[in-house]
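S.K.: Structure, please.
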Amino acid sequence: MFSRILVANRGEVALRIIRACKELGVETVAVFSEADRNAGYLHLADDRICIGPGPSSESYLNIPRIIAAAEIADVEAIHPGYGFLAENSHFAEICRSCKIEFIGPSVDSMHRLGDKIQAKALAKKANVPTAPDSDGPVETVDAAVRIAREIGYPVALKAAAGGGGRGIRFAHNEATLKSLFKQAQAEAEIAFGDGRLYMEKCIENFRHIEVQILGDTHGNIVHLWERECSVQRRRQKVIEETPSPSLTPEKRQEVCTAAVRLAQEVGYHNAGTVEFMYDQEGKFHFLEVNTRIQVEHPVTEMVTGVDLVKWQIRIAAGEPLTLKQEDIRQQGSAIECRINAEDPSKGFRPSPGRVEAFVAPGGPGVRWDSHVYQGYEIPPTYDSLIGKLIVHRPTRQEAIVTARRALEEFVFFPTKTTIPLCRDILASDHFARGQWDTTYIEREMLKS
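M.R.: Numbering: from 1, shown residues only. The predicted structure follows:
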């Protein structure tokens, strides 16, 4: 086991990693930007190093400064959390070349799965279901038109280096496809430094199902079942849960074993998530792989009793998985609500600034993962996520009731948050019946 780890992230995920390390007896070094100088979790770390000004390009995305901090602090490993450099294979390569372990998968796995064209090819090789596609990059408008005629409209143009819902354009006819193609290429080049596009049949009104996997460096790979992530706004998740209310036991087994096949094909180790589109005909289509811990990992932890962050660290230290697939069960139902500092009534305008009054919920079955405290100054510089409410109860209906009760207990003043939206979703008949898809919020709840 490592003796000292650098946490290359901020906010609630940095706190989550520090807590896991404390329970493992591992010292932590927290890096922070000037904008995060007053972050409460910094006092829980064994050491703290400022790595630059507030803008992430000068701090949390600045590889030389993070590596310098790691060398000064004499750490053995770096945990990247999620976001920032978590899926940056170049960063992972530099870490390991500096004799610092990167707590994540191999550079080869990150390369192959981070490229969406390669990832789809790997999925096909592993007999994982995929949507009809271009079977490689689409380099010209004429090629795009020809392929679209073959697979049928609507189609999705996707950036090969994209992910997380970014770098996607939809076309329902040939005229739209022609007008979007050059625009999509240019935007992919600017956003990802890679203008390659591929195209696939657009699966409309799908359910977003993802499977949590864990693999070690000894060839052992297990899944920890699925998460339902269909409650989204602009392709960003709002509420996640497990088990999925839309899957039969047979479908659950089908998608989870498919995820393991893909992980085995690439020789994957550490934590990862294989994401799928689940269409209205009950068919799965591979979407992408996230080669990191997910924001929504706590719901999996609650129903399986497995601490995913601790296992990330153990695996990176070379320890074998002691988890057996037959022993990993889903116990009860868990729901996570992402709480963002945004005002839903004003077009989700960010709500940074000082939190004058704050009360977190509690009681049976409630978990609150957050770095926010009364008096905390929410910076305008970063993602607006300020915490995650997670509930775990014996049944889904009980979990919904507990989540609604917990959301009523929050006090955030004067900060505006997405709590009202989460309350409305959980109170809806559609959520109670599990009748959601990834477009429902914008199509029905926000259409006015």
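S.K.: what about the spatially most central residue of the chain, is that helix, strand or coil?
M.R.: Centroid check for the chain by Cα atoms, centre = their mean gives residue 294 as the closest residue, at 3.6 Å. Here residue 294 is recorded as coil under DSSP: H, G, I helix; E, B strand; the rest coil.
S.K.: Tell me what residue 156 is bridged to.
M.R.: For residue 156, the beta-bridge partners are residue 170, residue 200 (DSSP bridges).
S.K.: Quick check, it in contact with residue 172.
M.R.: No: Residue 156 lies out of contact with residue 172 (Cβ atoms under 8 Å); the separation is 10.6 Å. Heads up, the C-betas are built off the backbone N, CA and C, glycines and all.
S.K.: And those two? Which one has more around it.
M.R.: The neighbour count for residue 156 versus residue 172, taken as other Cβ atoms under 10 Å, is higher for residue 156 (17 against 12).
S.K.: Enumerate every residue touching the residue nearest to the centre of the chain.
M.R.: 82, 210, 212, 227, 273 (Cβ atoms under 8 Å, 6 or more residues apart in numbering).
S.K.: pLDDT wise, what is it at?
M.R.: At residue 294, the predicted lDDT confidence score is 97.
S.K.: Likewise for the one 4 residues further on?
M.R.: The score at residue 298 is 98. That number is its pLDDT.
S.K.: Doesn't it lie inside a helix?
M.R.: Yes: counting by three-state DSSP, residue 298 is part of a helix.
S.K.: what sits against it?
M.R.: 334, 336, 367, 369, 388, 390.
S.K.: cutoff 6 Å now
M.R.: 336, 390 (Cβ atoms under 6 Å, 6 or more residues apart in numbering).
S.K.: Could you list which residues are in contact with residue 424?
M.R.: Shown in contact with residue 424 (Cβ under 6 Å, 6+ apart): no residues.
S.K.: mind redoing it with 10 Å?
M.R.: Listed by Cβ atoms under 10 Å, 6 or more residues apart in numbering, the contact set of residue 424 reads 344, 431, 441, 445.
S.K.: Need the max-distance pair from those.
M.R.: 344 and 431 (16.3 Å; Cβ to Cβ).
S.K.: before we move on, the earlier item: gap between the residue nearest to the centre of the chain and residue 260?
M.R.: Residue 294 is 17 Å from residue 260, where distance means Cβ to Cβ, to the nearest Å.
S.K.: Check residue 382 too.
M.R.: Distance, residue 382 to residue 260, by Cβ to Cβ: 34 Å.
S.K.: for residue 308, same thing?
M.R.: 16 Å.
S.K.: Residue 370 now?
M.R.: For residue 370, the distance to residue 260 - Cβ to Cβ - is 33 Å.
S.K.: quick revisit: out of the contacts of residue 294, which is nearest to residue 200?
M.R.: residue 210 (17.9 Å).
S.K.: host element of the closest one?
M.R.: strand 207-215 (DSSP states H and E).
S.K.: For this structure, which segments count as helices?
M.R.: 11-24, 63-73, 89-97, 107-114, 116-125, 141-151, 174-192, 249-266, 297-304, 308-316, 396-409, 419-427, 429-433, 440 (DSSP state H).
S.K.: Generate a markdown table for those, with distance to residue 242 as supplementary columns.
M.R.: Formatted as a markdown table, those follow (distance: least, Cβ to Cβ, whole Å):
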| stretch | distance to residue 242 |
| --- | --- |
| helix 11-24 | 18 |
| helix 63-73 | 33 |
| helix 89-97 | 28 |
| helix 107-114 | 22 |
| helix 116-125 | 22 |
| helix 141-151 | 32 |
| helix 174-192 | 30 |
| helix 249-266 | 10 |
| helix 297-304 | 5 |
| helix 308-316 | 13 |
| helix 396-409 | 10 |
| helix 419-427 | 16 |
| helix 429-433 | 15 |
| helix 440 | 19 |
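S.K.: ranking the ones you listed by burial, who's on top?
M.R.: Ranked by mean neighbour count, the helices of the chain are led by helix 297-304 with a mean of 24 (mean count of other Cβ atoms under 10 Å).
S.K.: Let's see that helix as PDB, backbone CA atoms only.
M.R.: Extracted in PDB, the C-alpha atoms of helix 297-304 (Å, rounded to 0.1, in the frame of the first residue of the first chain):
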ATOM      1  CA  HIS A 297     -20.400   6.200  -7.800                       C
ATOM      2  CA  PRO A 298     -21.900   6.500  -4.300                       C
ATOM      3  CA  VAL A 299     -25.200   4.900  -5.400                       C
ATOM      4  CA  THR A 300     -23.200   1.800  -6.400                       C
ATOM      5  CA  GLU A 301     -21.300   1.900  -3.100                       C
ATOM      6  CA  MET A 302     -24.600   2.000  -1.100                       C
ATOM      7  CA  VAL A 303     -26.300  -1.000  -2.700                       C
ATOM      8  CA  THR A 304     -23.200  -3.200  -2.900                       C
END
